[in-house]
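K.L.:
Generate a structure from the sequence data that follows.
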Amino acid sequence: RHAKDHSVKIYSKGWKDVIRWKLSIWPQTLPFVAFSAAYSTLICIFFLVEHADFLKRIPNTTLFIAIMGAVMSLLLSFRLSTAYDRYWEGRKLWSSLRFQCLNLARQFKVFAPATTLESETATQRALLLVSAIPIAIKHRLRKEHQTTSVDLAPLLREHERLKELPASRNMPMMILMELQAYLMSTGPSVLIKDASNVISSMGDTLSALERIRSTPIPGAYRIQLLQVIGIYFLALPFQLVGSVKWLTIAVCAIATFVVVGFLVIAEKIENPFGYDIQDLPLDLYCEEIRLSIQSIAAGKGWSGGWIKPHKLEIHPIQSKNTSLDACTRASEDHSSVGCSQRLQHSGQLYEEVATV
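P.N.:
Okay, here's the model as predicted:
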């Protein structure tokens, strides 16, 4: 399956949205509106047409729809608010996940030791795993097979153990375990402490996203809401036909469109991780994270290498010239110890996989 085009300008901030069809919920509400109009037409015929007006004996009052309307509005308001809370919480969690991925990639690139070609390659593989985390989470939320997906498989080609995992396993959590294993093999304590906290935060974000995905609206509440709405619209024509006559058909159709439309919107946004155009554009989020980490892996705008903690010691300065010469020699010596070679190699593995 392919994600729908989320690049459409959803909020045009103009009156064109009044007649917009692509993003509206008209197609989903049209059957209910048609049924309501047909039902209201029958009630009007049996109430207003001569020799068929046997429903005229039924007393009608607007008191019933006033009471039921107040109850229905409370239930519908709660339904919409809970659905949008799930949508907005999902967006905030993906924003947190983006920050965590970029933060972890930055720590791996800056603090991980890159003294040899092997250590630099290990860092690049770790950055590939960081890029794979949001993609694996996306497929898990959509209940798709993760290791065979076209966007995740290239990032795992250097990790045979992850590629051979069955579909039932939690791929994002296994990637986090691989990153933790790499982290423990790097050595510097400053990296282990901070990066471990970021990995733990990623686990919390994964659990929160799965909670949104796997926690449905309680069945009793959903059934009660639908039953109240059904009773309301079955009784609505009887309450209106005595006062507005044939306009009852239009009033009932419009009311059905409004109420059922809000129900459809709540159904669409309560699980914002799918392929619908109303859902969150997870594919765009994952691609943006991958490109940002690719830029970090390439080392653009950064000198590379392990930044060693400096000592807060005061050394006597003999003269301005000697201190300046010493600083210049130290800078030249530092840049000559393979930094340019590491930067040339840095990002090669990542860009290779990105082209795949």
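K.L.:
C-alpha from now on. contacts and neighbour counts both.
P.N.:
Will do.
K.L.:
Could you look up the SS state of residue 277?
P.N.:
Secondary structure assignment for residue 277 (DSSP: H, G, I helix; E, B strand; the rest coil): coil.
K.L.:
State the phi and psi torsions of residue 258.
P.N.:
Backbone geometry at residue 258, expressed as degrees, to the nearest 10, gives phi -70, psi -50.
K.L.:
Measure how buried it is and give me the count.
P.N.:
13 (other C-alpha atoms under 10 Å).
K.L.:
and if you look at residue 244?
P.N.:
12.
K.L.:
Now name the helix or strand holding it.
P.N.:
Using DSSP states H and E, residue 244 falls within helix 219-244.
K.L.:
What mean pLDDT does whatever helix or strand residue 95 lives in get?
P.N.:
Following DSSP H and E, one finds residue 95 within helix 63-111. Regarding helix 63-111, the rounded mean pLDDT is 90.
K.L.:
Ok, stretch 211-219 next?
P.N.:
90.
K.L.:
How about it, which residues are buried there?
P.N.:
Buried positions in stretch 211-219, judged by neighbour count with 16 or more other C-alpha atoms under 10 Å: 212, 213.
K.L.:
I would like the residues contacting that stretch, please.
P.N.:
Residues outside stretch 211-219 that contact it (C-alpha atoms under 8 Å, 6 or more residues apart in numbering): 86, 90, 141, 271, 273.
K.L.:
ok, back up a step: could you check the angle the helix holding residue 244 makes with helix 63-111?
P.N.:
Orientation check (axes from the mean of the first three to the mean of the last three C-alpha atoms, to 10 degrees): helix 219-244 against helix 63-111 gives 140 degrees.
K.L.:
Now do the buried residues in helix 219-244.
P.N.:
In helix 219-244, counting by 16+ other C-alpha under 10 Å, buried: 225, 226, 229, 232, 233, 236, 237, 238, 239, 240, 241, 242.
K.L.:
ok, then the element right after the helix holding residue 95?
P.N.:
Counting by DSSP H and E, the next helix or strand C-terminal to helix 63-111 is helix 117-141.
K.L.:
could you say what helices and strands that next one packs with?
P.N.:
helix 63-111, helix 171-186, helix 189-214, helix 282-298, helix 348-355 (3 or more C-alpha pairs under 8 Å, 6 or more residues apart in numbering; DSSP states H and E).
K.L.:
Deepest in the core, which of those helices is it.
P.N.:
Ranked by mean neighbour count, the helices and strands packed on helix 117-141 are led by helix 282-298 with a mean of 19 (mean count of other C-alpha atoms under 10 Å).
K.L.:
by how many degrees do that helix and helix 117-141 diverge?
P.N.:
Calculated by the same axes, to 10 degrees, helix 282-298 forms an angle of 170 degrees with helix 117-141.
K.L.:
Alpha carbons of helix 282-298, in CSV - could you do that?
P.N.:
What follows is helix 282-298, C-alpha atoms only, in CSV (Å, rounded to 0.1, in the frame of the first residue of the first chain):
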residue,chain,number,x,y,z
LEU,A,282,4.3,9.5,8.8
ASP,A,283,6.2,8.8,5.6
LEU,A,284,7.2,12.5,5.3
TYR,A,285,8.2,12.5,9.0
CYS,A,286,10.4,9.4,8.5
GLU,A,287,12.0,10.8,5.4
GLU,A,288,12.8,14.1,7.0
ILE,A,289,14.5,12.3,10.0
ARG,A,290,16.5,10.1,7.6
LEU,A,291,17.8,13.0,5.6
SER,A,292,18.7,14.9,8.8
ILE,A,293,20.7,12.0,10.1
GLN,A,294,22.3,11.5,6.7
SER,A,295,23.5,15.1,7.0
ILE,A,296,24.9,14.4,10.4
ALA,A,297,26.6,11.2,9.2
ALA,A,298,28.3,13.1,6.4
